[in-house]
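Chemist: Take this sequence and fold it.
(2 chains)
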Protein chains: 2
Amino acid sequence: MPFKITYEIDSDPSDLLIDAIRTEQTVEFPLRLTPQWIQEKVVGQVLRIEEMGDRRKSVTIGYDDRLVGNEFPQFLNLLWGNISLFPKVLITKINLPQSFLESLNGPRFGVAGLRSGLGIENRPFLMTALKPMGLSTKELATMAKTLVQGGIDIIKDDHNLANQPWALWRERVEVLSTAIAEANHEFGRHAIYAPSLNRPTEELFESARFAKEHGAGGLLVLPGICGLDTMRAIADDDSISLPIVSHPALLGSFVMNPTHGLRHHLLFATLVRLAGADFTIFPNHGGRFSFSKKECAEIVDQCFSSMSTISSISPTLAGGMTLERVPEIIKEFGRDITLLIGGALHDGDLLTNTDKLVERVRFASTN
Amino acid sequence: MPFKITYEIDSDPSDLLIDAIRTEQTVEFPLRLTPQWIQEKVVGQVLRIEEMGDRRKSVTIGYDDRLVGNEFPQFLNLLWGNISLFPKVLITKINLPQSFLESLNGPRFGVAGLRSGLGIENRPFLMTALKPMGLSTKELATMAKTLVQGGIDIIKDDHNLANQPWALWRERVEVLSTAIAEANHEFGRHAIYAPSLNRPTEELFESARFAKEHGAGGLLVLPGICGLDTMRAIADDDSISLPIVSHPALLGSFVMNPTHGLRHHLLFATLVRLAGADFTIFPNHGGRFSFSKKECAEIVDQCFSSMSTISSISPTLAGGMTLERVPEIIKEFGRDITLLIGGALHDGDLLTNTDKLVERVRFASTN
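Modeler: As a prediction, the model looks like this:
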């Protein structure tokens, strides 16, 4: 079975763009100079063309699975390499060959693994971020203990926390891991700490192992910066073996243009899932970002959809969530989601707000 | 001196978006809940606002250099992390602190290093790609020898060549390196071979060393897939120490929307230069892609602009170049560019066309 990729492009009777796409993504060579067998076996083959109205058409092209050779970086290149430089090309659908899916491990934990690992049944996961940047490691540790006491499951670094002087990376990982372990013991909780792995390439894998050795229970990975294949390699590394939280930094560029790039769910569900994320953070509709209700629903659907042996993952709704919206969000997206609530917990007393969040989630999950 | 980033955004008397940008990229926390000193020292500070007409305004925000801590991944995050998810935000200018520039090595060779390494004075560099995919390693080797004979300086893998069965990566690197060395000896040339480093993360650095050991003279790197910081780390690695050719695959997403993303020159010149590329491939105007004459001219300018101790790099014009355009391109952009001509060399006899290209470049460079 080939890779089947569906593109939405401007209607044009000449279909020149269709030939441009199927050659650009394969031989990158004038068709008329290309040997016949290569034109037939290596160049993409048009499987279907459909007028959509509104001057756009939908085109599905099939690519022999040997073009990718079961390597994830080359899959990304086949998907969106040079045609990222073509105007008004939008990828709307991807069908993957079974052989490719079987070559990938996908998420190490997935929803089921997270549930058993964190001991959480029947309710959404609760995540928050340590912030604002500028607080000392000690201040962040105090904040983390309160969040554990209140009942948050996953306490991650804000994605802007890197190696700033106010809370240097190594010190922060050591102190926060210890603080959260102590608070777990004191309050009978099982919260995990997920430090940000936005580290220089030379230190990235070593930093992941450092975090694990010092007691971190997850990792925040920024695939828009380190690359999706690096996230996959972190997930695949048996010496790391921690749940991965995928963060959308920089990824907006691939989805923010309605006629160019990838549909939201292909990036924030399909690709990050193939690349080993257990949680995929994205901005929920109605917050401070611009994803629509439909785009969010499609992401959630694709996090849970059947995909060979690749586990389902937890869509992690973020971006200005408030406590008031908790029941509505759970009703809309179900109990396998993660609620990432940051700033709203700090408006007033942190412990009181966290208690309130936990109570609301419990109530909404049992009613 | 702070990082100064200039954004073009929609005009709005409330200036809410300006506050959203300067907090989103730093504390990601409600301003009114942020301690006063953090509001003043950590949150971005508005330095300048200018109405541009056309309902757009230009806003410059300064960020304390401690926010980056001289780490390249966090610089990318400060530049474009979460605001990649904001609609209609375009980055038009970047001013970098001297301390940050001094923390980076930039390109290991740069134009001057490439000239002395390749023994080329006073004319553009000539690059081509081995293609189409589907040819065997042996066929590619025969092609490479002809290209050496004709006088091409840099023979790179087509960026779509990964580890496909027709020319597996390791075999290809060994055979092509040897073939090009033999042809150099036979024809008295100094061509280099630059295999594609679009490898799985686990094998990337080892593959670069394998290529070097087997005689490759450069590396084709796809920072849109492996990440800009990975390219930087490859350039910084003394055990690799090869010229780096940066390829634009996937990078179109950051520049193809005129009101969202980065201006072309910031990505294809400033960022890839900071990240260690010696050559930066981009599609020239008038070819099969859509960059304008002005966008190309700005990229070329910024490849050569003064930037602390960071060397200037060779803008590598590609994307459907023809032999006929050689004199015009050299006149337009000067002699420190690289001409990347692929398919056009194969329309007719490869050696004859290559000879013609070399002759034209020599003529245009001395007149």
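Chemist: does A:T280 sit in a helix or strand, and which one?
Modeler: Using DSSP states H and E, A:T280 sits within strand A:279-283.
Chemist: Mind checking if the longest helix seen in chain A is in reach of chain B?
Modeler: Secondary structure of chain A read by DSSP state H shows that its longest helix is helix A:169-187. No: contact between helix A:169-187 and chain B, assessed by CB under 8 Å from any CB of the partner chain, is absent, since the two come no nearer than 8.8 Å. Any C-beta I mention is one placed from the backbone N, CA and C, and that applies to glycine too.
Chemist: For the closest residue to chain B within the stretch 201-350 of chain A, which non-adjacent residue is closest in space?
Modeler: Across the stretch 201-350 of chain A, no residue is closer to chain B than A:G252, which sits at 3.1 Å (CB to the nearest CB). Counting by CB to CB, 6 or more residues apart in numbering or on different chains, B:S84 is the residue found nearest to A:G252 once chain neighbours are left out, at 3.1 Å.
Chemist: A:E171 touches A:T137, doesn't it?
Modeler: Yes: taking contacts as CB atoms under 8 Å, A:E171 lies within contact range of A:T137: 5.4 Å.
Chemist: neighbour count winner among the two?
Modeler: A:T137 (18 against 13; other CB atoms under 10 Å in any protein chain shown).
Chemist: residue contacts, the more buried one?
Modeler: Residues in contact with A:T137, defined by CB atoms under 8 Å, 6 or more residues apart in numbering or on different chains, are A:166-168, A:171-172, A:175-176.
Chemist: who does the spatially most central residue of chain A bridge with?
Modeler: Residue closest to the mean C-alpha point of chain A, counted by CA atoms, centre = their mean, is A:T280 at 3.4 Å. Per DSSP bridges, residues listed as beta-bridge partners of A:T280: A:S246, A:P315.
Chemist: What pLDDT is listed against it?
Modeler: pLDDT recorded at A:T280 is 98.
Chemist: same question, A:G287
Modeler: Residue-level confidence at A:G287 comes out at 80, pLDDT.
Chemist: three-state assignment of it?
Modeler: Reducing the assignment at A:G287 to three states with DSSP: H, G, I helix; E, B strand; the rest coil gives coil.
Chemist: okay, now the residue nearest to it when sequence neighbours are not counted: neighbour count?
Modeler: If the residues on either side of it in the chain are set aside, A:G287 comes closest to A:G320, at 3.4 Å by CB to CB, 6+ apart. For A:G320, the neighbour count with other CB under 10 Å is 17.
Chemist: ok, now which ones touch A:G320?
Modeler: Residues counted as contacts of A:G320 (CB under 8 Å, 6+ apart) are A:283, A:287-289, A:343-344.
Chemist: let's see 10 Å
Modeler: Taking CB atoms under 10 Å, 6 or more residues apart in numbering or on different chains as the definition of contact, the neighbours of A:G320 are A:283-284, A:286-289, A:341-344, B:28, B:30.
Chemist: Just give me how far the longest helix of chain A sits from the chain centre.
Modeler: Here the centre of helix A:169-187 is set off from its chain's centre by 26 Å, with CA atoms, centre = their mean, to the nearest Å.
Chemist: mean confidence for the helix or strand containing A:V148?
Modeler: Secondary structure here is read from DSSP H and E; on that basis A:V148 sits in helix A:137-150. Regarding helix A:137-150, the rounded mean pLDDT is 98.
Chemist: next SSE after that helix?
Modeler: Beyond helix A:137-150 in the direction of the C-terminus, DSSP H and E gives the next helix or strand as strand A:154-157.
Chemist: what lines up beside that next one in the sheet?
Modeler: Partner strands for strand A:154-157, per DSSP bridges, with pairing direction: strand A:125-130 (parallel), strand A:192-194 (parallel).
Chemist: What parts of the stretch 251-367 of chain A come near chain B?
Modeler: Contact residues of the stretch 251-367 of chain A with respect to chain B, defined by CB under 10 Å from any CB of the partner chain, are listed as A:251-262, A:282-283, A:288-291, A:319-320, A:342-344, A:346-348.
Chemist: Narrow those residues to just the buried residues.
Modeler: By the neighbour-count criterion of 16 or more other CB atoms under 10 Å in any protein chain shown, these include these buried positions: A:251-257, A:260-262, A:282-283, A:288-289, A:291, A:319-320, A:342-344, A:346.
Chemist: The helix or strand A:D229 falls within and chain B, are they touching?
Modeler: Secondary-structure element containing A:D229, defined by DSSP H and E: helix A:228-236. Yes: using CB under 10 Å from any CB, we find that helix A:228-236 touches chain B at A:228-234, A:236.
Chemist: Thanks a lot, catch you later.
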